[in-house]
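Asks: Mind looking at a prediction? Sequence and model below.
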Amino acid sequence: MIKFFCMLYTILDDLIFYQTLTFIRKYTNFELKLYDYFYNKTKIYPKNIIVINQFVFYFVDNEYYFEAKTHLNSIRFKFCRKVALIRSENTLINLVHSFFPDIYIHDIKVEFNIYSGKREISVNFLTFEDRGIAIGRNGNYIKAVNKLLEKYIIFQNRGVPIKISCKVMKLKH
């Protein structure tokens, strides 16, 4: 019986992780200027631009990601904001991986938060250093990612947990 519930739980997780996403595209004049600057610098059209607090998220197609990444340091130098280059993905699991491109993610799970009473996506790392990189200084990066998921992405299934938490996992010997 327990095996059946575990299997059902993983099927439900897969339904959450592999649903399709759509982005809300409303640009302010400032975002249009950022769009134009990005294109002039890289000759790549970004799929979307989202500005949250001090973060600028540029979403680009997978095929242009590495080419655009070569210009990332000069774009960051130009702005007084933090710039993140994200692969534009259509599924939640791939988008979560795109938010943390340069660090090792050991596991991603859907967990029940006993404090909020809601399900959330738990991104698990092996070291505190990786977790620190993932959440950013004072937790600002993960807060911006959670706000982005909440306000700028439409999920196929409306009942999806849209909060991401980062944890360090202890390996069993």
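Replies: Great, that's in hand.

Asks: how close does the residue nearest to K69 when sequence neighbours are not counted get to F57?
Replies: Spatial nearest neighbour of K69, chain neighbours left out: L85 (5.8 Å); criterion: C-beta to C-beta, 6 or more residues apart in numbering. For glycine as for every other residue, the C-beta is placed from the backbone atoms N, C-alpha and C. According to C-beta to C-beta, to the nearest Å, L85 stands 8 Å off from F57.

Asks: Mind exporting the C-alpha coordinates of stretch 55-70 to PDB?
Replies: Provided in PDB are the C-alpha atoms of stretch 55-70 (Å, rounded to 0.1, in the frame of the first residue of the first chain):
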ATOM      1  CA  PHE A  55      17.400  42.200 -10.900                       C
ATOM      2  CA  VAL A  56      17.100  42.100 -14.700                       C
ATOM      3  CA  PHE A  57      16.100  38.700 -16.100                       C
ATOM      4  CA  TYR A  58      16.800  38.200 -19.800                       C
ATOM      5  CA  PHE A  59      15.200  35.100 -21.200                       C
ATOM      6  CA  VAL A  60      16.800  33.800 -24.400                       C
ATOM      7  CA  ASP A  61      16.300  30.700 -26.600                       C
ATOM      8  CA  ASN A  62      18.500  27.700 -25.800                       C
ATOM      9  CA  GLU A  63      20.300  27.900 -29.100                       C
ATOM     10  CA  TYR A  64      21.500  31.500 -28.400                       C
ATOM     11  CA  TYR A  65      22.200  31.100 -24.600                       C
ATOM     12  CA  PHE A  66      26.000  30.400 -24.800                       C
ATOM     13  CA  GLU A  67      26.500  33.200 -27.400                       C
ATOM     14  CA  ALA A  68      24.600  35.600 -25.200                       C
ATOM     15  CA  LYS A  69      26.500  34.500 -22.100                       C
ATOM     16  CA  THR A  70      29.800  35.700 -23.600                       C
END
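
Asks: Tell me which other helices or strands the one helix or strand I142 maps to touches.
Replies: Element membership for I142, per DSSP states H and E: helix 140-151. Applying 3 or more C-beta pairs under 8 Å, 6 or more residues apart in numbering; DSSP states H and E, we find helix 140-151 packed against strand 48-52, strand 55-60, helix 128-135, strand 164-168.

Asks: mind running it again at 6 Å?
Replies: strand 48-52 (3 or more C-beta pairs under 6 Å, 6 or more residues apart in numbering; DSSP states H and E).
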